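Chemist: Next input, structure requested:
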Amino acid sequence: MKLAGVMPPITTPFQNGKLALDKLKNNFQKWNQTDLAGYVVLGSNGEVVYLNEKEKIKVIEVARESIPKSKIMIVGTGMESTQETIRFTNQSAKIGANFALVVAPSYFKGSMKPQILYDHFISVAESSKIGILIYNVPQFTGINMEPELIAKLSEHPNIVGIKDSSGNIGQLSEIFHLSQKGFATFVGSAPVFFPALCVGAVGGILAVAQVVPQECVQIQNLFNKGKMEEARKLQNRLTPLANAVTVKYGIGGLKMAMDLAGYFGGDPRLPLKRPGREVVEELKRLLFQLKKS
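Modeler: Predicted structure coming up:
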């Protein structure tokens, strides 16, 4: 499977605090009618840290049933220990994940020196039955994986790519240039999607793509056709909404925007909450501004 294109890190739907798997199936039915290249299941936006093991397995199973074979299925499998990461990665592979997205262990972040992280990712890659993408998300882990470390890891045949959510274009460019040829560099921050494509990213794993999938895909399509000015303008229209559903209002805001766009967002799991009513109007306005042009 060619790793490229736009993929949303999907939210996990809840009703009364419990998994709403029928809502997840309905969301997939709608997303599958778009040109999304695939999906990331159990990522940060999936509130994965709030799910127990049983719930995680159910979400992966429903996702596998709902995602056509023509689209990529990536599962977030990173755990705090190397042993648990390997176990859960291979369990996900057994259910049908095409690739695993592995976040850096971060609870003992003071001990997570480059060599420790290198050994961790190599051990996972050696034992995994599917290809591994590194997930660099310093705003959650407190650890920024440096381009030199990523480049070294890219030499392993089973470490096939990275989702870099740092939002740092200079760093992304360095990762692309230092890493092995064919190593798939994805940007995880929608406000910098177009610039990321300009420095070598093969696609975006973007939260806002589950609210406005076609607009996100269109940025890459325009870029691929060399229509740089059109792509840049669409990026500028997308950015306010992208910022609102990630940086400004978080998962509660993202789920609210999904509801407004005709998907099921619902409530996040406690302690997270939806933002107040006044945010609905703001999100409506941002959606309208993006769609009207």
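
Chemist: what about the helices in this structure?
Modeler: 21-31, 53-66, 82-95, 114-127, 138-141, 147-153, 169-178, 193-198, 213-224, 228-243, 250-260, 277-292 (DSSP state H).

Chemist: do you know which of those lies nearest residue 13?
Modeler: helix 21-31 (4.0 Å; CB to CB). All C-beta atoms are positioned from the backbone trio N, CA, C, and that covers glycine.

Chemist: The closest one: how far from the chain's middle?
Modeler: Offset of helix 21-31 from its chain centre (CA atoms, centre = their mean, to the nearest Å): 18 Å.

Chemist: Tell me the buried residues in that helix?
Modeler: Going by neighbour count (16 or more other CB atoms under 10 Å), the buried part of helix 21-31 is 21, 23-24, 27-28, 31.

Chemist: Just list what that helix packs against, helices and strands only.
Modeler: Packing partners of helix 21-31 (3 or more CB pairs under 8 Å, 6 or more residues apart in numbering; DSSP states H and E): helix 53-66.

Chemist: Kindly indicate which of the buried residues of helix 21-31 lies nearest residue 276.
Modeler: Distances from residue 276 to the buried residues of helix 21-31, taken by CB to CB, are shortest for residue 23, at 22.9 Å.

Chemist: so what's that closest one up against?
Modeler: Shown in contact with residue 23 (CB atoms under 8 Å, 6 or more residues apart in numbering): 13, 15, 264, 266.

Chemist: buried subset of the residues you listed?
Modeler: For the contacts of residue 23, buried by 16+ other CB under 10 Å: 13, 264, 266.

Chemist: how about these in TSV, adding pLDDT and distance to residue 292?
Modeler: Shown next, in TSV, are those (pLDDT from 0 to 100; distance: CB to CB, whole Å):
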residue	pLDDT	distance to residue 292
13	98	28
264	98	24
266	97	27
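
Chemist: Could you pick out which of those residues are located in strands?
Modeler: Judged by DSSP state E, the buried ones among the contacts of residue 23 include no members of strands.

Chemist: export those to a markdown table and tack on distance to residue 156?
Modeler: Formatted as a markdown table, the buried ones among the contacts of residue 23 follow (distance: CB to CB, whole Å):
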| residue | distance to residue 156 |
| --- | --- |
| 13 | 35 |
| 264 | 39 |
| 266 | 39 |
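
Chemist: Distance check, residue 64 against residue 78.
Modeler: Residue 64 sits 19 Å away from residue 78, going by CB to CB, to the nearest Å.

Chemist: The two: which is more packed in?
Modeler: Taking neighbours as other CB atoms under 10 Å, residue 64 and residue 78 compare with residue 78 leading, 26 against 17.

Chemist: isn't the more buried one right up against residue 103?
Modeler: Yes - at 3.6 Å, residue 78 counts as touching residue 103 under the criterion of CB atoms under 8 Å.

Chemist: Need the residues touching each of these two.
Modeler: With CB under 8 Å, 6+ apart, residue 78 and residue 103 have common neighbours residue 135.

Chemist: ok, and the closest non-adjacent residue to residue 218?
Modeler: residue 234 (6.1 Å; CB to CB, 6 or more residues apart in numbering).

Chemist: ok, now residue 262?
Modeler: The shortest distance from residue 262 to any non-neighbouring residue, by CB to CB, 6+ apart, is to residue 30 (7.1 Å).

Chemist: contacts for stretch 74-83?
Modeler: Applying CB under 8 Å, 6+ apart, the contact partners of stretch 74-83 are 7, 9, 38-44, 46, 48, 60, 63, 85, 88-89, 92, 97-107, 120, 123-124, 133, 135, 205.

Chemist: Perfect, I'm done here.
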